[in-house]
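Asker: quick one, what's the 3D model for this:
(2 chains)
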Protein chains: 2
Amino acid sequence: MTIVVVGSLGLDTIETSAGRVEDVLGGSAAYFALAARHFLPVSLVAVVGTDFPHAAQTMLHHPEIDLEGVARAEGKTFRWEGVYSQDMNSRKTLRTELNVFEQFKPDLPERLRSLRNVFLANIDPVLQLQVLEQLTRPRLVLADTMNFWIQNKREELLKTLRQVRMLLINEEEARELTGEPLTHQAARAILEMGPETVVIKQGEHGAFLQNADTYFACPAFPVESLVDPTGAGDTFAGGFFGSLARMGRLTDLNLRRAVVYGVVLASFTVEGFGVTGLLRVEREEILRRADAIMGMTKFSLDDTARLLR
Amino acid sequence: MTIVVVGSLGLDTIETSAGRVEDVLGGSAAYFALAARHFLPVSLVAVVGTDFPHAAQTMLHHPEIDLEGVARAEGKTFRWEGVYSQDMNSRKTLRTELNVFEQFKPDLPERLRSLRNVFLANIDPVLQLQVLEQLTRPRLVLADTMNFWIQNKREELLKTLRQVRMLLINEEEARELTGEPLTHQAARAILEMGPETVVIKQGEHGAFLQNADTYFACPAFPVESLVDPTGAGDTFAGGFFGSLARMGRLTDLNLRRAVVYGVVLASFTVEGFGVTGLLRVEREEILRRADAIMGMTKFSLDDTARLLR
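Answerer: The predicted structure is shown next:
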């Protein structure tokens, strides 16, 4: 069993109150793969330029990560530069250079077309639709999106939504997409648009999942040191989708666990610049943080009815 | 066993996307008492003007609510007017008329001074200190505060914090008070200031409680209809403190349950203008929503270690 991710690889320049890094490995596919690999092998479909540095490539070298679907095109690699506010709750994009990503036309190698678990990272919904057309027997497709596509490619995005089983979206974008001011009502409105399950990312407040049967809310893991939030959402996607695909059946129990693993993996990413926090993750620490979330959220109501007058 | 609350009673004019109401019963003591009465009798210490309307007073008439400590002073009742943003995540104060509240000097009736459970609502920390001086054997004192006091009476507030067992504060204010950008680190910094337990209100994201032994995060109850967020924090305080005082011992188990009851009671308040949502609460519905929060947050990690490679 393998997961396919179609997304971006890039070089990020990031400034936060913890410091600044230049041209480090970034892109949705990188974060996703480095998280999901803990659960299942991942095949990347992305494009880089001829300048993609060896150091960045090395970070993706891992027995569970297949880079054969990463095209190397003539030109420069996608670049992004951003600066975060002091509290890291917002960021400003200083520069976006699409470069070779501008001509990206996802063309899945034949052997990937029949794979069943696919993550459509935050790319143009037109490209997401092109990927969907290439899949011969998709079982579990998760899509991500962002405000840019909601504003500029709404019709295409709605078409994607009718064809995917799950949507991952952050809460402001869920409100923008649906016009519903309450996030959980925005989630329900999204279920009317096609996906059978929606997962709402809430940053430092965690995430919640909603479908016809389940409403599950999970807080974020309280990290000791917030260094760089870049890629937290894509890492969440990797932990969530990786563990869910690994578990197989989309039961209430498994969906909840998958959200917990998403939150746990994301907590590592924000502890370092770029993918560095994620690279040093160990299996035992993943299990420890998942247990910690259990400890942070459990309670008992036994014998409390008597409290009420 | 009785709880004492020292806070405000007032007449609020509120505009939200759901409508507008004028001069309705408001004030921290009103919301707190109407929530806490479900668990224990509540004695109010507050002041109103001679114009305090009969209709407002009637809303507080309840066998479990003692109004003997409410002074009626010559002059007009405290008034506040505010308008909420479309999504109700922020509000603008249009008018604050302190009126008789400006001269409020809390003077506890003798029989209230020996009571053991006291909520110091969001009032001038100088007044909070005056109340503390009047208490002869306080056991559990919870204080609330706001940005105005953090900015303008910091020293007095820090003095209050050294003398209370618990602080209730919203997340922006916790960051402002401590200078810590991460909310859970702000919570820990507050523990250094005196309180042994801090509860952070996160609005539509719920609340979390932190002390030396417990970190408990609880999501908000997803209401069907958000009408007016005014008083949600004071209602949370009433549900939290009322149930905690009723349970007695400050164990990890009880603190968690108290947060859940706080979140549940607050969910009723936001469903109606002013206190109307809170007035119609029934015991069975409180229990039902507490169970629903359990259902929204529970998960199992049994047998998941095998998922990780």
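Asker: what sits against the residue nearest the centre of chain A?
Answerer: Per CA atoms, centre = their mean, the C-alpha nearest to the average position across chain A is that of residue A:234, at 2.5 Å. Neighbour list for residue A:234: A:7, A:28-32, A:35, A:121-122, A:144 [criterion: CB atoms under 8 Å, 6 or more residues apart in numbering or on different chains]. Every C-beta, even on glycine, is put in place using the N, C-alpha and C of the backbone.
Asker: and what of residue A:97?
Answerer: By CB under 8 Å, 6+ apart, residue A:97 lies in contact with A:76, A:78-80.
Asker: show me what residue A:168 is bridged to.
Answerer: Here residue A:168 sits in beta bridges with residue A:144, residue A:199, as judged by DSSP bridges.
Asker: count of residues packed around it?
Answerer: 28 (other CB atoms under 10 Å in any protein chain shown).
Asker: ramachandran coordinates for the residue nearest to the centre of chain A?
Answerer: Note on residue A:234: backbone dihedrals following degrees, to the nearest 10 are phi -70, psi -30.
Asker: and it, how far is that from residue A:170?
Answerer: Relative to residue A:170, residue A:234 is positioned 12 Å away (CB to CB, to the nearest Å).
Asker: and stretch A:218-233, what's buried?
Answerer: When burial is assessed from 16 or more other CB atoms under 10 Å in any protein chain shown, stretch A:218-233 yields the following buried residues: A:218-223, A:226-233.
Asker: need the residues of the stretch 151-300 of chain A near chain B, please.
Answerer: Taking CB under 8 Å from any CB of the partner chain, the part of the stretch 151-300 of chain A that reaches chain B is made up of A:175, A:181-184, A:202, A:204-206, A:208, A:215-219, A:222-223, A:226, A:243, A:246-247, A:253, A:256-257, A:259-261, A:283, A:286-287, A:290-291, A:294-300.
Asker: 6 Å instead, please
Answerer: Where proximity means CB under 6 Å from any CB of the partner chain, the interface of the stretch 151-300 of chain A facing chain B comprises A:181-182, A:184, A:205, A:215, A:217, A:219, A:222, A:226, A:243, A:246, A:256-257, A:260, A:283, A:287, A:290, A:296-297, A:299.
Asker: let's see which of those residues end up in strands.
Answerer: A:215, A:217 (DSSP state E).
Asker: which of the helices or strands spans residue A:132?
Answerer: Taking DSSP states H and E as the definition, residue A:132 sits inside helix A:125-134.
Asker: report the rounded mean pLDDT for that helix.
Answerer: Per-residue pLDDT over helix A:125-134 has a mean of 97.
Asker: could I get the contacts of residue A:97 as TSV with neighbour count and distance to chain B?
Answerer: TSV is the format used below for the contacts of residue A:97 (neighbours: other CB atoms under 10 Å in any protein chain shown; distance: CB to the nearest CB, whole Å):
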residue	neighbour count	distance to chain B
A:76	17	34
A:78	25	29
A:79	20	27
A:80	19	23
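Asker: which ones among these lie within strands?
Answerer: Mapping those onto strands (DSSP E) picks out A:79-80.
Asker: could you dump the contacts of residue A:97 into TSV and include pLDDT and distance to residue A:106?
Answerer: Output for the contacts of residue A:97, formatted as TSV (pLDDT from 0 to 100; distance: CB to CB, whole Å):
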residue	pLDDT	distance to residue A:106
A:76	98	19
A:78	97	14
A:79	97	20
A:80	96	19
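Asker: let me know the closest of the contacts of residue A:97 to residue A:108.
Answerer: Proximity of the contacts of residue A:97 to residue A:108 (CB to CB) peaks at residue A:78, which lies at 19.3 Å.
Asker: I'd say the closest one and residue A:11 touch.
Answerer: No: with contact defined as CB atoms under 6 Å, residue A:78 does not count as touching residue A:11 (7.2 Å).
Asker: any idea which helix or strand carries residue A:253?
Answerer: Per DSSP H and E, residue A:253 falls inside helix A:252-269.
Asker: so which bits of that helix are buried?
Answerer: Residues of helix A:252-269 classed as buried by neighbour count (16+ other CB under 10 Å): A:254-269.
Asker: of those, just say which sits nearest to chain B.
Answerer: Compare each of those with chain B using CB to the nearest CB and the shortest gap goes to residue A:256, at 4.0 Å.
Asker: measure that closest one to residue B:228 for me?
Answerer: Distance check for residue A:256 against residue B:228: by CB to CB, it reads 32 Å.
Asker: thinking again about what came up before, let me see the confidence value for the residue nearest to the centre of chain A.
Answerer: Predicted confidence (pLDDT) at residue A:234: the value is 98.
Asker: tell me which element whichever residue of the stretch 1-150 of chain A sits closest to chain B falls in.
Answerer: When scored by CB to the nearest CB, the stretch 1-150 of chain A has residue A:87 as its residue closest to chain B, at 4.0 Å. With elements delineated by DSSP H and E, residue A:87 resides in a region that no helix or strand encompasses.
Asker: so what's it up against?
Answerer: With contact taken as CB atoms under 6 Å, 6 or more residues apart in numbering or on different chains, residue A:87 is in contact with residue B:181.
Asker: for it, what are phi and psi?
Answerer: Backbone phi and psi, for residue A:87 under degrees, to the nearest 10, turn out to be phi -90, psi 0.
Asker: hang on, the earlier thing: show me what the helix holding residue A:253 is packed up against.
Answerer: With contacts defined as 3 or more CB pairs under 6 Å, 6 or more residues apart in numbering or on different chains; DSSP states H and E, the packing partners of helix A:252-269 are strand A:207-211, strand A:215-218, helix A:232-247, helix A:276-279, helix A:283-297.
Asker: can I get those in CSV including distance to residue A:18?
Answerer: Conversion of the helices and strands packed on helix A:252-269 to CSV gives the following (distance: least, CB to CB, whole Å):
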stretch, distance to residue A:18
strand A:207-211, 23
strand A:215-218, 25
helix A:232-247, 14
helix A:276-279, 11
helix A:283-297, 20
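Asker: circling back to that earlier point, quick check: pLDDT value at the residue of the stretch 1-150 of chain A closest to chain B.
Answerer: The pLDDT attached to residue A:87 in the predicted structure is 83.
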